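Participant: Quick one: sequence plus predicted model below, questions after.
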Amino acid sequence: MLELSLEQISMAQVAADKSTALELIANHLVADGLVAPGYLKGLQDREQQGSTFLGQGIAIPHGTPQTRDQVHTTGVRLMQFPDGVDWGDGQIVYLAIGIAAKSDEHLRLLQLLTRALGEDDLGPALRTASTPEDLLKLLQGAPQELALDAQMISLGLSVEDFEELVWRGARLLRKADCVDNGFAAVLQQVEALSLGDGLWWLHSEQTVKRPGLAFVTPDKPLRYLGQPVTGLFCLASLGEAHQALLERLCALLIEGRGQELGQATNSRVVLQALGGEVPAEWPSAQIVLANAHGLHARPAKILAQLAKGFEGEIRVRVLESNDSAVSAKSLSKLLSMGARRGQTLEFVAEPGIAADALPALLAAVQEGLGEEVEPVSAMPAPAPVEAAQATPRAVPAPQAGAVLSAVAASPGIAMGPAHVQLTPVFDYPAQGESPAAERQRLQDALAFVRGEIEQLISRSQAKAIGEIFVTHQEMLDDPELTDDVMRRLDSGVSAASAWNEVIESAALRQEALNDPLLAERAADLRDVGRRVLAHLCGVQQAAEPDQPYVLVMDEVGPSDVARLDPQRVAGILTARGGATAHSAIVARALGITALVGAGEQVLRIASGTPLLLDAQRGRLTVAPDDSTLQRAIAERDARAQRLQAAAAARLEPAVTRDGHRVEVCANIGDSTGTPAAVAQGAEGIGLLRTELLFMAHNQAPDEATQEAEYRRVLDDLQGRPLVVRTLDVGGDKPLPYWPIDKEENPFLGVRGIRLTLQRPEIMEAQLRALLRAAGDRPLRIMFPMVGRVEEWRQARDMVERLRGEIPVSDLQLGIMVEVPSAALLAPVLAQEVDFFSVGTNDLTQYALAIDRGHPTLSAQADGLHPAVLQLIDMTVKAAHAHGKWVGVCGELAADPLAVPVLVGLGVDELSVAARSIPEVKACVRELSQEGARALARDALMAAGAAEVRALVEAR
Ligand code: PEP
Ligand code: MG
């Protein structure tokens, strides 16, 4: 960590020119043991690339990435040159701060210097400073005021222990931008000081950016080191800023008024006692948000537009969260609140506009902000969410012939030369010319990009694409973002630097939401941000190759895709991203084959390298040899023909060449989907995902509504069997109107059967509706996420009890095998269940410990991994030993390479998306049961999924 201290300062140095000064600095850094002599070259090269002059008589010479290996230890050396050194272009340096750093730690130094750089006439003062102490004072700038306002106080927090309270205090400081992320960990190491009356005090200077004080109290009595805890002060200490507060607090404690703080229920009381900034009394109004999917992009946009119509400040916050209020005029800030249905929005407005603005906003929210809404019944709100961030790492380029896995985001087989568009490295000065000039630059760039986006909107044929760009435009016009940038320009930074910082921090806030859809809007923000930055930095887009190509990017923005001409772009390949990103939606809308999340290595591929994208198997081949390419072309054509033939035979049963029949059914989520599935050849419904029925309603559908939905499916099946899964929410599938407490690992938390057993009234209503709808038709009910025998028994007993009331004649009860423990216990469970249905999507994620939605790892979560196959094998053997049947209803069942293995393992039924039924049936017909069994035996002994796939292909 770079910090400034007296020992690092060398006063009154002399250098005739810049290169002598650099040598002097390098010698000192070497003498201090920070770098090897070779670092001088780095200092020189860096100056060649661009001057390190910061302004105000300061330069910060540092090395290049190539000379990082010359750095032994991170550190700095400050050298005062009272006679000045010409740093080029007539810029005179009086203080050079030589940096030895292995990474971009000079940014931290810039942060430390920001205040000093904002002051006038620093250069002359640095020149005449006569002691290291004076110099350091000048660099640290005017003392900052202690941040202490309503946002820094959180009372009655639901915390388990003292550590959690400390963490919450540190979090307030982080949100106020007083400290870096590591501050919570720093505080946990510091010894807490008891102030009496249950009040405690913690402070540290480490990672502090500006001084601030947070005060937090627990909602229930806590004890720490044997003493009560009623409140905790967390101080981010910098200089003397907290002195006055400390004196006031001491006086308060001596007067015996400490309890007032610990018992306060209102931050105003605390602020008045401590002398903090007491908020102005602005009128406020509250309303419960009723939109089924919360305040997502469209309603938020309408809200922001409405708020912008009032001349004055309007802020809004989610009452149930600890987050501070944001501007209601800012789309990005509104989205970053992550407001969900059932939560209360609290608006406050400037007194001058409140009488008009608040009723108008409330009415708009009540009317649904452009969406149909159903009122919300009272319910508890979900807990707040914490931030997460990923750090990229450098990796080598894949070699010719390499085959990589990726997430298939848009189907097809595509080939063409790579056209690699790396996220451009925008080179811009940290300091601007002048605030006025930078403001103008920014405005020009915004106007230019606005025009570009308008063109994209008018060119967009698909409605979904056009809507995305309207949102982009809204982001561009977001006053919260632009005001923030403009404010930063006043401190002398360049427009590019200010814009980049503001966009990046807004995107990070967005990513921190635990709602994948909202978090993906970070990509949209960065997309808009890049466009503006490119214009500010004069970066031109690289010209497209003439022949159809494969576009390779880090994370493709929706506008990148929509700009593409599907005639010229054969496919898209990205290093990061998931299948639900806007860009994937755009790619599917345009019919461009896309693989996403292939890892950073694809960015190292040289433009022009031939690529083969197989979005059927989620596989990329780099520089495929001629025969691979020919095979792919042949496969693409053969597949088209096969699909045609399969479609013609879709209504025939799936029987292997040696007469073994495999039932092929459909997975549906929508009760209206049955006729289409039957028309595709479904022999039944193998998985009705009932949570989708629940999600389609704004409130849990009552028994009669559900009964009608299930009845419709059974009617449409005309005697074919229906396998229904009871409500499976939690994990990555939240129900907007059924908030679940925040969990560190929702996939390992309360989901599936665990959740419904906690809400038996919901489960019972569903079971009753199913039994009533069935009558004498074949109904199979299965329970999701069963991991313990007790869960199964509890669920079964509930059905058996209801069955006494509502008789049905053809009912089977089973479980989904999605948790490895269920497969391992299959010999026990098989004695009691009527059937198993293997949910390979979850079974794979739990067996391989890979989050199924992980942006970079999910491609490795391949259900053909032998470990997963072993679990399926155990399940089938146990079931057959007791005369029970086994289906597979995860995505694996539709994979043409998996069908032979699953049939070989003895799986009796495959349940797949309706459009895959003809192909799956055709695959079965190509097999012999004996051959499939031998293949499965080999697959079970393979070392990995890739080997299994190779085995199947080599058949
Ligand atoms: C599965 O996990 O394989 C499955 C079918 O369930 P879902 O994908 O709905 O979690
Ligand atoms: Mg599942």
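Facilitator: Cool, the structure landed. Ligands and ions are numbered 1, 2, ... in the order given.

Participant: and Ala822, what does it touch?
Facilitator: Val786, Gly787, Ile815, Met816, Leu829, Thr875 (CB atoms under 8 Å, 6 or more residues apart in numbering). Using the backbone N, CA and C atoms, a C-beta is placed for each residue, glycine as well.

Participant: Turn those residues into JSON lines, including neighbour count.
Facilitator: Shown next, in JSON lines, are the contacts of Ala822 (neighbours: other CB atoms under 10 Å):
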{"residue": "Val786", "neighbour count": "28"}
{"residue": "Gly787", "neighbour count": "19"}
{"residue": "Ile815", "neighbour count": "30"}
{"residue": "Met816", "neighbour count": "27"}
{"residue": "Leu829", "neighbour count": "24"}
{"residue": "Thr875", "neighbour count": "29"}
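
Participant: Looking at the residues you listed, which is nearest ligand 1?
Facilitator: Met816 (6.7 Å; CB to the nearest ligand atom).

Participant: Quick check: the closest one is in a strand.
Facilitator: Yes - the assignment for Met816 is a strand, going by DSSP: H, G, I helix; E, B strand; the rest coil.

Participant: What is the neighbour count of Ser803?
Facilitator: Slight slip there: residue 803 is Arg, not Ser. Neighbours of Arg803 under the rule other CB atoms under 10 Å: 14.

Participant: And it, how far from ligand 1?
Facilitator: Separation of Arg803 from ligand 1 (CB to the nearest ligand atom, to the nearest Å): 25 Å.

Participant: Quick check: chain neighbours aside, which residue is closest to that residue?
Facilitator: Closest residue to Arg803 apart from its sequence neighbours, by CB to CB, 6 or more residues apart in numbering: Leu771 at 6.5 Å.

Participant: Quick one: residues contacting that neighbour.
Facilitator: Leu771 sits in contact with Leu779, Val799, Leu802, Arg803, Ile806, Val808, Leu811, where contact means CB under 8 Å, 6+ apart.

Participant: switch to 6 Å and redo it
Facilitator: Applying CB atoms under 6 Å, 6 or more residues apart in numbering, we find Leu771 in contact with Leu802, Ile806, Val808.

Participant: looking at this, it is in a helix?
Facilitator: Yes - counting by three-state DSSP, Leu771 is part of a helix.

Participant: What residues does the stretch 651-800 of the chain have near ligand 2?
Facilitator: Within the stretch 651-800 of the chain, not a single residue sits near ligand 2 (CB under 5 Å from the ion).

Participant: if we go to 6 Å?
Facilitator: The stretch 651-800 of the chain has residues Pro784 near ligand 2, with proximity defined as CB under 6 Å from the ion.

Participant: Now do the helices in the stretch 651-800 of the chain.
Facilitator: 674-679, 690-695, 703-717, 753-758, 760-774, 789-805 (DSSP state H, counting those that start in this stretch).

Participant: cool, the stretch 851-955 of the chain as well?
Facilitator: 866-881, 899-905, 917-925, 929-940, 945-953.

Participant: Out of the ones you listed, which one sits most buried?
Facilitator: Of all the helices of the stretch 851-955 of the chain, helix 899-905 carries the top mean neighbour count, a mean of 27, counting by mean count of other CB atoms under 10 Å.

Participant: ok, back up a step: which one, of the helices of the stretch 651-800 of the chain, ends up nearest to Gly55?
Facilitator: helix 690-695 (55.2 Å; CB to CB).

Participant: Quick one: mean pLDDT over that closest one.
Facilitator: For helix 690-695, mean pLDDT rounds to 83.

Participant: Work out the gap between stretch 635-649 and the centre of the chain.
Facilitator: Distance of stretch 635-649 from its chain centroid, counting by CA atoms, centre = their mean, to the nearest Å, is 38 Å.

Participant: Restricting to C-alpha, output that stretch in CSV.
Facilitator: The C-alpha trace of stretch 635-649 is given here as CSV (Å, rounded to 0.1, in the frame of the first residue of the first chain):
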residue,chain,number,x,y,z
GLU,A,635,-22.5,-32.2,-39.6
ARG,A,636,-24.2,-28.9,-40.0
ASP,A,637,-25.8,-30.0,-43.3
ALA,A,638,-26.5,-33.6,-42.1
ARG,A,639,-28.1,-32.2,-38.9
ALA,A,640,-30.4,-30.0,-41.0
GLN,A,641,-31.4,-33.1,-43.0
ARG,A,642,-31.7,-35.3,-39.9
LEU,A,643,-33.9,-32.8,-38.2
GLN,A,644,-36.1,-32.8,-41.2
ALA,A,645,-36.4,-36.6,-41.2
ALA,A,646,-36.8,-36.7,-37.4
ALA,A,647,-39.6,-34.2,-37.6
ALA,A,648,-41.4,-36.5,-40.1
ALA,A,649,-41.2,-39.4,-37.7
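
Participant: wait, is Leu620 part of a helix?
Facilitator: No - Leu620 is assigned strand when assessed by three-state DSSP, not a helix.

Participant: Which one of the contacts of Ala822 is nearest to Glu145?
Facilitator: For the contacts of Ala822, the nearest to Glu145 is Gly787 (54.5 Å; CB to CB).

Participant: so the closest one makes contact with Ser821?
Facilitator: Yes - taking contacts as CB atoms under 6 Å, Gly787 lies within contact range of Ser821: 4.6 Å.

Participant: Of the helices of the stretch 651-800 of the chain, which is nearest Asp219?
Facilitator: helix 753-758 (22.9 Å).

Participant: Residue numbers of the stretch 51-200 of the chain in contact with ligand 1?
Facilitator: On the criterion CB under 6 Å from any ligand atom, ligand 1 has no neighbours in the stretch 51-200 of the chain.

Participant: ranges for the strands of the stretch 51-200 of the chain?
Facilitator: In the stretch 51-200 of the chain, the strands defined using DSSP state E, counting those that start in this stretch lie at 53-55, 58-59, 75-86, 92-100, 153-157, 193-196, 199-204.

Participant: Which of these has the lowest mean pLDDT?
Facilitator: strand 53-55 (a mean of 80).

Participant: Against which helices or strands is that strand packed?
Facilitator: The helices and strands touching strand 53-55, judged by 3 or more CB pairs under 6 Å, 6 or more residues apart in numbering; DSSP states H and E, number zero.

Participant: Need the residues that contact that strand.
Facilitator: Ala59, Ile60, Trp87, Gln91, Gln431.

Participant: now, which of those sits nearest His865?
Facilitator: Nearest to His865 among the contacts of strand 53-55, with distances taken as CB to CB, is Ile60, at 50.7 Å.

Participant: contacting residues for the closest one?
Facilitator: Thr52, Leu54, Ile97, Ile99, His106.

Participant: Report how many residues lie close to the nearest residue to Ala101 once chain neighbours are set aside.
Facilitator: With sequence-adjacent residues excluded and distances taken as CB to CB, 6+ apart, Ala101 is closest to Thr74, at 5.1 Å. A count of neighbours around Thr74, defined by other CB under 10 Å, yields 15.

Participant: Give me the pLDDT value at Thr74.
Facilitator: pLDDT, Thr74: 82.

Participant: cool, and Gly944?
Facilitator: 93.

Participant: so how far is Lys742 from it?
Facilitator: 35 Å (CB to CB, to the nearest Å).

Participant: give me the residue from the stretch 651-800 of the chain nearest ligand 1.
Facilitator: Taking CB to the nearest ligand atom, the stretch 651-800 of the chain has Arg689 as its residue nearest ligand 1, at 5.4 Å.
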